[in-house]
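Colleague: pasting the sequence and the predicted model now:
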There are 2 protein chains.
Amino acid sequence: MSKLIYRRRPSARPAAHSGVAAHSGEPTHGPLTREELQLAVRNHSMPLEALREDLTPPGLHYVLTHFDIPQVSGAWHLRIGGAVERAMELSLAALKRDPAISVQVTMECAGNGRSLLRPRPLSQPWTLEGVGTAVWTGVPLAYLLSQAGVEPEAVEVVFTGLDAGIQGGVRQQYARSLPISEASRADVVLAYKMNGSELPPQHGYPLRLVVPGWYGMASVKWLQSIQVVTTPFQGFQQAVAYRYQHNADDAGTPVSRIRVRSLMVPPGIPDFFTRRRYLHRGPVMFHGRAWSGEGAVTKVEVGIDGKWVPAQLDKPAGAFAWRGWSLPWVADAGHHELACRATDATGAVQPLEQHWNYQGMGNNTVQRVRVIVE
Amino acid sequence: MSKLIYRRRPSARPAAHSGVAAHSGEPTHGPLTREELQLAVRNHSMPLEALREDLTPPGLHYVLTHFDIPQVSGAWHLRIGGAVERAMELSLAALKRDPAISVQVTMECAGNGRSLLRPRPLSQPWTLEGVGTAVWTGVPLAYLLSQAGVEPEAVEVVFTGLDAGIQGGVRQQYARSLPISEASRADVVLAYKMNGSELPPQHGYPLRLVVPGWYGMASVKWLQSIQVVTTPFQGFQQAVAYRYQHNADDAGTPVSRIRVRSLMVPPGIPDFFTRRRYLHRGPVMFHGRAWSGEGAVTKVEVGIDGKWVPAQLDKPAGAFAWRGWSLPWVADAGHHELACRATDATGAVQPLEQHWNYQGMGNNTVQRVRVIVE
């Protein structure tokens, strides 16, 4: 591996104890910072009106890039090694000759909703739009691992991207691991196509790991290597970042599957600057989408001025894709507060009040939309 | 026209006098507002590493949407009317049977660079990345106008999009005009393709006006109608917004062509949160792009710790597309400040210090990149 790779830590103990912040500084009640603005303009969110579509149109799927979009050499090969019987280096052409699957996946940034938390953790300041749904096509990871032959003492698989930078003072290439059990799932894919087209640069060209049901940090972009390891991976993005922590000194627990959430297309028309919504009195149809990485969405309710009404659910679009929902309403003049909340098959329900954590991860508090009916 | 259209003003006098702010409130030295963050997460910028490419990859071209991306009915037709001999309603299929041209165009938001101004005008808080280059394909506007037969008393052509909202207290559909002379240019196109693919929703599907050389506000998306008029158009986006004003009471002058500008790919690797750049000592090649809507780019200089060195210019890629440039450097350890500035054929040079204006338009102050060489 290159010299840019993570420094290995001496033990498997999560490094969050080290006091190295995953992002930068203490959560704040203060104003937005210049650093947050720089991240907000770089990282694309999905405008909520795109919730109308089953598949997020090209260019509207959320993108979170920790460092820069890397330049990929024409000599690119995927390296598979570590605790395997047969290490391999595979060209993109070779990967395209392997068996392929397509999976429709709703992917959400683990930090989605962060900027709505109080106090506000300092990192990419998503409001609600760090989400999107696409069909990813490529080689099942399990197929490649079976070709390589995983050694019996293996515990995890480490995925390293070409993207390099510094975070929390640590020089690194972006890297994450999956337990063998997750890496062996039939639906985890090494994708070279997104919605039937070549993977765009910002989504990981030439190859991206896609882990359906997990927050986006697991779906490593610009894959350079897959290493099977016999001790748990302690890289920065695994042991420091992407953890549910109470405070900086808490080792925390790892972020993994997507918590249940629903979002609605804000009805009416916006004011350019305030984004306040205006609509005419009379019939209006609410539309939205709901998803969970833990189990199927079983219920969506729409809150209208505090009263919860069950929405009509569309047919599911697969185990890992969001589910459409709708509800008719007759708007009467005045100010109204709309909300929506989903429940999944595990019984998990979106909270009405924030479940705060130090890094601002997995904030699935219900969306609230204020509308003015004229 | 629909009831959402602009209220006509009694005279042709610019409405900026009316005291209606184009955006919201007075420019500020204060912290970033929640409203600016909402705009920053909605509106996509082009990560500067995409300056490596002649054509901005799909999904990375900047997008500024005043209101929502509208839903377009299958019954969509383009209406051409007003002071013409033959009013028309044309389907997309009919437009695709007309003669077509393709034009490679660098498009930039007029508000690009706004958030770097002091005091900071309150609107979409671009830093430097509100730009992109694409090949736009469609029917020359001049061809359609000749088919319609423009009446001799015509002075302008008004373009109205389907996107509706409220700005500066005015309920409106987004609309802009061009003088007949500009509308008659051979290179102004009604585009239904972007880089050879169907126009994406966020870029104006099914049809977008593209005015090469002008800031992006002229390139009206989701075109609904083209109206030839005999008095100057006084819609909000023409008479109030998109003006160079000294203050709120100044009528100002209209924003039109793109001011000369260059940007560089920030060298090295970034820190995730601060976006500070780090590189190793030794040889490094600077790359960037330069463009102007006023005339060809004739010179690009790179500033290294305040000393200006001429860069090598690539072959031009057409009259309206950015021009690549490069310069080798040998980095020595320490902190350095890099900058780049372009000159165009009219003699215009990017300023070193801001030319402030009330709406934060056309800020082409030189880019500065601080790097740490280790």
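Modeller: Nice, I can see it. Predicted model, so just to flag it, every value in this text is computed and none were measured. Numbering: from 1, shown residues only, chains lettered A, B, ... in the order given.
Colleague: residue A:220 contacts residue A:163, correct?
Modeller: No. In this structure residue A:220 lies outside contact range of residue A:163 using CB atoms under 8 Å: 9.1 Å. Quick note: C-beta positions are derived from backbone N, CA and C, even for glycine.
Colleague: show me whatever sits in contact with both of those two.
Modeller: residue A:174 (CB atoms under 8 Å, 6 or more residues apart in numbering or on different chains).
Colleague: those two: which is more packed in?
Modeller: The residue with more neighbours, out of residue A:220 and residue A:163, is residue A:220; 29 against 22, by other CB atoms under 10 Å in any protein chain shown.
Colleague: quick one, what contacts the residue nearest to the more buried one when sequence neighbours are not counted?
Modeller: Of all residues not flanking residue A:220 in the chain, residue A:159 sits nearest, at 4.1 Å (CB to CB, 6 or more residues apart in numbering or on different chains). Residue A:159 is in contact with A:175-178, A:209, A:220, A:223, A:225-226, counting by CB under 8 Å, 6+ apart.
Colleague: let's go with 6 Å and repeat that
Modeller: By CB atoms under 6 Å, 6 or more residues apart in numbering or on different chains, the contact set of residue A:159 is A:176, A:209, A:220, A:226.
Colleague: columns pLDDT on top of these, output as a markdown table?
Modeller: Below are the contacts of residue A:159 laid out as a markdown table (pLDDT from 0 to 100):
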| residue | pLDDT |
| --- | --- |
| A:176 | 98 |
| A:209 | 98 |
| A:220 | 98 |
| A:226 | 98 |
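Colleague: ranking those residues by neighbours, who comes first?
Modeller: residue A:220 (29 neighbours).
Colleague: that one: what secondary structure?
Modeller: coil (DSSP: H, G, I helix; E, B strand; the rest coil).
Colleague: residues in contact with it?
Modeller: Contacts of residue A:220 (CB under 6 Å, 6+ apart): A:159, A:161, A:176, A:209.
Colleague: 10 Å instead?
Modeller: Counting by CB atoms under 10 Å, 6 or more residues apart in numbering or on different chains, residue A:220 touches A:158-163, A:173-178, A:190, A:204, A:207-211, A:226, A:237.
Colleague: nearest to residue B:241, of the contacts of residue A:159?
Modeller: residue A:220 (42.4 Å; CB to CB).
Colleague: about what we covered before: so of the contacts of residue A:220, which ones are in helices?
Modeller: residue A:237 (DSSP state H).
Colleague: from chain A, which residue is nearest to chain B?
Modeller: residue A:31 (3.0 Å; CB to the nearest CB).
Colleague: against residue B:33, how distant is that residue?
Modeller: Distance of residue A:31 to residue B:33, given as CB to CB, to the nearest Å: 8 Å.
Colleague: ok, the two, which is more surrounded?
Modeller: residue B:33 (19 against 12).
Colleague: not counting sequence-adjacent ones, nearest residue to the more buried one?
Modeller: Nearest one to residue B:33, counting by CB to CB, 6+ apart, is residue B:122 at 6.8 Å.
Colleague: how about residue A:151?
Modeller: In space, residue A:151 is closest to residue A:83, 4.0 Å off (CB to CB, 6+ apart).
Colleague: wait, isn't that neighbour in contact with residue A:157?
Modeller: Yes. At 9.4 Å, residue A:83 counts as touching residue A:157 under the criterion of CB atoms under 10 Å.
Colleague: overlap in contacts of these two?
Modeller: What both residue A:83 and residue A:157 touch, as defined by CB under 10 Å, 6+ apart, is the set A:150, A:227-229.
Colleague: out of those, flag the one nearest to residue B:73.
Modeller: residue A:227 (51.9 Å).
Colleague: now do the same contact list for the closest one.
Modeller: A:1, A:79-84, A:87, A:156-160, A:175, A:177, A:233.
Colleague: in strands only, show me these.
Modeller: A:79-82, A:156-160, A:175, A:177 (DSSP state E).
Colleague: how about these, which pair is most distant?
Modeller: Between any two of these (CB to CB), the greatest distance is 16.6 Å, for A:79 and A:156.
Colleague: show me which of these two is the more surrounded one.
Modeller: For residue A:79 versus residue A:156, neighbours defined as other CB under 10 Å are more numerous around residue A:156 (23 against 16).
Colleague: grab the nearest non-local neighbour of that one.
Modeller: In space, residue A:156 is closest to residue A:177, 4.3 Å off (CB to CB, 6+ apart).
Colleague: how many neighbours does the one you found have?
Modeller: 26.
Colleague: where exactly do the strands run in the stretch 151-300 of chain A?
Modeller: Under the criterion DSSP state E, counting those that start in this stretch, strands of the stretch 151-300 of chain A are mapped to A:156-167, A:170-179, A:189-194, A:197-198, A:208-210, A:223-229, A:243-244, A:253-254, A:261-264, A:269-270, A:277-279, A:282-291, A:297-304.
Colleague: ranking those strands by burial, who's on top?
Modeller: strand A:261-264 (a mean of 26; mean count of other CB atoms under 10 Å in any protein chain shown).
Colleague: rewinding a little: any chance of the strands of the stretch 151-300 of chain A in CSV, with distance to residue B:131 too?
Modeller: Shown next, in CSV, are the strands of the stretch 151-300 of chain A (distance: least, CB to CB, whole Å):
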stretch, distance to residue B:131
strand A:156-167, 22
strand A:170-179, 26
strand A:189-194, 24
strand A:197-198, 23
strand A:208-210, 26
strand A:223-229, 29
strand A:243-244, 37
strand A:253-254, 39
strand A:261-264, 30
strand A:269-270, 24
strand A:277-279, 30
strand A:282-291, 32
strand A:297-304, 40
